[in-house]
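Participant: Need a 3D model of the sequence below.
(chains A and B)
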Amino acid sequence: MRSDIRVRIAPSPTGPLHIGTARTALFNYLFARHTGGTFVLRLEDTDVARSTAAFEKDILDGLHWLGLTWDEGPGVDGREEQGPYAPYRQMARLPEYAAAAERLLATDNAYPCYCTPEELDADRTAQEARKLPPRYVGRCATLTLEERAAREAEGRRGALRFRVRPGVVGWNDIIRDRVEIDTSNLGGDFVIVRADGTPLYHFTVVVDDMAMAISHVIRGEDHVSNTPKHILLFQALGYEVPEFGHLPLILNPDGTKMSKRKSQTAVADYIAQGFTREALVNYFAFLGWSPGTEEEVFTLEELGRRFDLEKVQKGGARFDRERLEWLNGQWIRRLDDEELIARLFPFLEAAAAAGEIGRMPTDDELRALLPIVRERIPTLASLPELVGFLWTDDLSVDPAAIVPRRWDAGTTHDGLVAAREVLAAHDAVTWEADELEPPLRDLVEARGWKAGDLFMAIRVATTGKTATPPLFDTLVALGRERTLARLDAAIASLSAPAGA
RNA sequence: GCCCCCAUCGUCUAGAGGCCUAGGACGCCACCCUUUCAAGGUGGAGAUCAGGGGUUCGAAUCCCCUUGGGGGUACCA
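Facilitator: Down below sits the predicted model:
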């Protein structure tokens, strides 16, 4: 399925990949996949002061990691950028903007403005004082050619302003239907090229969207009020105006626009915390959209099949981490063994490097463990916390913690001694969960104990934790020697004189 | 201030005039399962569909007003 539909995500490398950017990228991607269109990635790096190569890499890598691969745009991992409309980074497209600016100047749709920042500031404060909306006063709007020449002769370089004429600009937004805005609310003639010659966002975005034949501009709702400027520019440049669709914003839990201050916004942080790409994509998609059925768990591919831009919600959606975690659990349960092991590995390496575990488990150890840990890890990063005791040798357990609620230290001591004896009777061959359990249950019965109490004492003695995967599977993973050694250590700590 | 947008359980949402005594999911509570923790199962609490006017035989769904919330108001993107 091919179509002329072309959409783009145009991140600015002035910060790490933001959740909002990822979500907008996802919706563009899904729209492209659903319609057989083309998904373009363009870097908007004209804010030279704030753009960095590191941020650019973080953004590209992050989108790539999420699986939001672009059909045209810069390469990842040192690959060449590709596509018929290269280059795809704005600082490499300066001649295009210069040519477009020249055309606007020639047609008098734009003019040079020599106002100083001080003058502009003064204008703004005066307007605010009179409770008027800030807008450019038009000081340079009517300068004659001679006056402009005189200023240039003084060595002054003008910024380029676009003329905003009276009228109403409207469009049929794919998501919010008809929107109309009177141009008198645009703040007057706006700057499209800085005095230093670098072009500004509102200008480059239009020139590039036209040059790259973008048919649908799908972006955040925060751009609704900028859209008239863009439409005016498209028209002044003689371009066909694309379709627009403004997505609802992702909100902080308090309902304001998502910010670093109140939420974790960097995709890299979610990756580092062990969220899967499947869960993140699944969650983002459901922030503002739903398939209209009661299904909840979707792959990126399924989302592409079902996605419908017109069914996107209009109101903003608060970010709910609990729901993301639930979805992450859903996806961890769905990953196949080898995939899960591969994804767990980096997190184990990180834990080892941080000294949280003493050594790295092998693939086989991990594989054997999967059945009992899979449903107990909300994130890929939480495995060391769950069963790290398997890979650390110096386990120090507080004797008091070993004593179950209903038992005293003496009973616990006796219980562990008896349990140790029963367990020691097994050799390596019968060291299996279903072999270990029956004799211990017999022991409990013979002594009139409660299974839960003995099991809890063994659990804490051998793992140092009160919450673990099923006890006997855990002991098997731990191995006969270590289990007995840890029981010995616990017994010894319980027989030490009180207060010693 | 001005402009624009939005409005269904705490949260994400289903709902395109009668199928709605408003459905699902997350979270919460209870029970079941159970050696702990999870997972899973069952059930429950939770929304007078922001409020008020219309239109209509009939409105969560259409219109208006009010209120509330959000976004934008740069030689940032």
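Participant: Can you name the residues that contact A:R486?
Facilitator: A:395, A:397, A:461-462, A:478 (Cβ atoms under 8 Å, 6 or more residues apart in numbering). Every C-beta, even on glycine, is put in place using the N, C-alpha and C of the backbone.
Participant: Okay, and which of the residues you listed map to strands?
Facilitator: Among those, no residue falls in strands (DSSP state E).
Participant: what's the closest of the residues you listed to RNA strand B?
Facilitator: A:T462 (11.2 Å; Cβ to the nearest atom of the strand).
Participant: Leaving out the residues flanking it, which one is nearest to the closest one?
Facilitator: Spatial nearest neighbour of A:T462, excluding adjacent residues (Cβ to Cβ, 6 or more residues apart in numbering): A:R486 at 4.6 Å.
Participant: quick one: low-confidence ranges for the stretch 351-500 of chain A?
Facilitator: Scanning the stretch 351-500 of chain A with the threshold set as pLDDT under 70 gives A:496-500.
Participant: got the residues of it near RNA strand B?
Facilitator: Neighbours of RNA strand B within the stretch 351-500 of chain A, by Cβ under 7 Å from any atom of the strand: A:375-376, A:437, A:451-452, A:455-456, A:459, A:466-473.
Participant: Only whichever of those are buried, select them in ChimeraX.
Facilitator: Buried subset of those, written as a ChimeraX selection, criterion 16 or more other Cβ atoms under 10 Å:
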select /A:437,455,456,459,468,469,471,472,473
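Participant: correct me, but A:T24 touches A:I9?
Facilitator: Yes - in this structure, A:T24 is within contact of A:I9 by Cβ atoms under 8 Å, at 6.2 Å.
Participant: could you pull out the strands for chain A?
Facilitator: Going by DSSP E, chain A shows strands at A:6-9, A:38-41, A:110-113, A:159-162, A:168-173, A:177-182, A:190-193, A:216-220, A:243-247, A:250-251, A:317-318.
Participant: Dump those to TSV, plus mean pLDDT, mean neighbour count and distance to RNA strand B.
Facilitator: Shown next, in TSV, are those (pLDDT from 0 to 100; neighbours: other Cβ atoms under 10 Å; distance: least, Cβ to the nearest atom of the strand, whole Å):
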stretch	mean pLDDT	mean neighbour count	distance to RNA strand B
strand A:6-9	98	25	11
strand A:38-41	97	24	13
strand A:110-113	97	22	6
strand A:159-162	97	22	4
strand A:168-173	94	16	8
strand A:177-182	93	12	5
strand A:190-193	97	23	4
strand A:216-220	97	22	8
strand A:243-247	97	22	7
strand A:250-251	96	22	6
strand A:317-318	96	16	3
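Participant: Distance to A:A428 added to the ones you listed, as TSV?
Facilitator: Converted to TSV, the strands of chain A look like this (distance: least, Cβ to Cβ, whole Å):
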stretch	distance to A:A428
strand A:6-9	57
strand A:38-41	56
strand A:110-113	83
strand A:159-162	80
strand A:168-173	69
strand A:177-182	72
strand A:190-193	77
strand A:216-220	61
strand A:243-247	60
strand A:250-251	54
strand A:317-318	54
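Participant: Out of the ones you listed, the one nearest A:G20 is which?
Facilitator: Among those, strand A:250-251 comes nearest to A:G20, with 5.3 Å by Cβ to Cβ.
Participant: returning to what we had before: right, so of the strands of chain A, which gets closest to A:L94?
Facilitator: Across the strands of chain A, closest to A:L94 is strand A:190-193 (Cβ to Cβ), at 10.3 Å.
Participant: Run the chain-centre distance for that closest one.
Facilitator: Offset of strand A:190-193 from its chain centre (Cα atoms, centre = their mean, to the nearest Å): 32 Å.
Participant: That strand packs against which elements?
Facilitator: helix A:94-106, strand A:159-162, helix A:201-211 (3 or more Cβ pairs under 8 Å, 6 or more residues apart in numbering; DSSP states H and E).
Participant: will you turn the contacts of A:R486 into JSON lines that also has neighbour count?
Facilitator: What follows is these, written out as JSON lines (neighbours: other Cβ atoms under 10 Å):
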{"residue": "A:L395", "neighbour count": "19"}
{"residue": "A:V397", "neighbour count": "18"}
{"residue": "A:A461", "neighbour count": "27"}
{"residue": "A:T462", "neighbour count": "27"}
{"residue": "A:L478", "neighbour count": "19"}
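Participant: Quick check: the farthest pair among the residues you listed?
Facilitator: A:V397 and A:L478 (13.5 Å).
Participant: pLDDT wise, what is the spatially most central residue of chain A at?
Facilitator: Closest residue to the average C-alpha location of chain A: A:V267 at 2.8 Å, with Cα atoms, centre = their mean. Looking at A:V267, its pLDDT is 97.
Participant: how close does it sit to A:F275?
Facilitator: 9 Å (Cβ to Cβ, to the nearest Å).
Participant: repeat for A:D77
Facilitator: From A:D77 to A:F275 the distance is 22 Å (Cβ to Cβ).
Participant: the more surrounded of the two?
Facilitator: Using other Cβ atoms under 10 Å as the criterion, A:D77 and A:F275 rank with A:F275 on top: 24 against 8.
Participant: The more buried one contacts A:R321, doesn't it?
Facilitator: No - contact criterion Cβ under 8 Å: A:F275 and A:R321 do not qualify, at 9.9 Å.
Participant: how about the nearest residue to A:E152, chain neighbours excluded?
Facilitator: What sits nearest to A:E152 in space, not counting adjacent residues and going by Cβ to Cβ, 6+ apart, is A:G158, at 7.6 Å.
Participant: With A:R376 instead?
Facilitator: A:L386 (5.7 Å).
Participant: In the stretch 301-450 of chain A, what residue spans correspond to helices?
Facilitator: A:321-334, A:337-353, A:363-373, A:383-387, A:399-402, A:409-424, A:433-447 (DSSP state H, counting those that start in this stretch).
Participant: among the ones you listed, which is the most enclosed?
Facilitator: Of those, the one with the most neighbours on average (mean count of other Cβ atoms under 10 Å) is helix A:383-387, at a mean of 20.
Participant: That one - contacts with which helices or strands?
Facilitator: Against helix A:383-387 (3+ Cβ pairs under 8 Å, 6+ apart) you get helix A:337-353, helix A:363-373.
Participant: Is it possible to get CSV of the helices of the stretch 301-450 of chain A that adds distance to A:A32?
Facilitator: Shown next, in CSV, are those (distance: least, Cβ to Cβ, whole Å):
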stretch, distance to A:A32
helix A:321-334, 23
helix A:337-353, 26
helix A:363-373, 36
helix A:383-387, 36
helix A:399-402, 56
helix A:409-424, 60
helix A:433-447, 50
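Participant: Looking at those helices, which is nearest to A:E119?
Facilitator: helix A:321-334 (47.2 Å).
Participant: what packs against the closest one?
Facilitator: Counting contacts by 3+ Cβ pairs under 8 Å, 6+ apart, helix A:321-334 packs against helix A:277-285.
Participant: pLDDT averaged over the helix it packs on, what's the number?
Facilitator: Mean predicted confidence for helix A:277-285 is 98.
Participant: hmm, who's touching that helix?
Facilitator: Residues contacting helix A:277-285 (Cβ under 8 Å, 6+ apart): A:19, A:22-23, A:26-27, A:30, A:65-68, A:267, A:270, A:297-300, A:303, A:307, A:323-324, A:327-328, A:330-331, A:334-335.
Participant: Out of those, which are close to RNA strand B?
Facilitator: Applying Cβ under 7 Å from any atom of the strand to the contacts of helix A:277-285, one finds that A:323, A:330 fall near RNA strand B.
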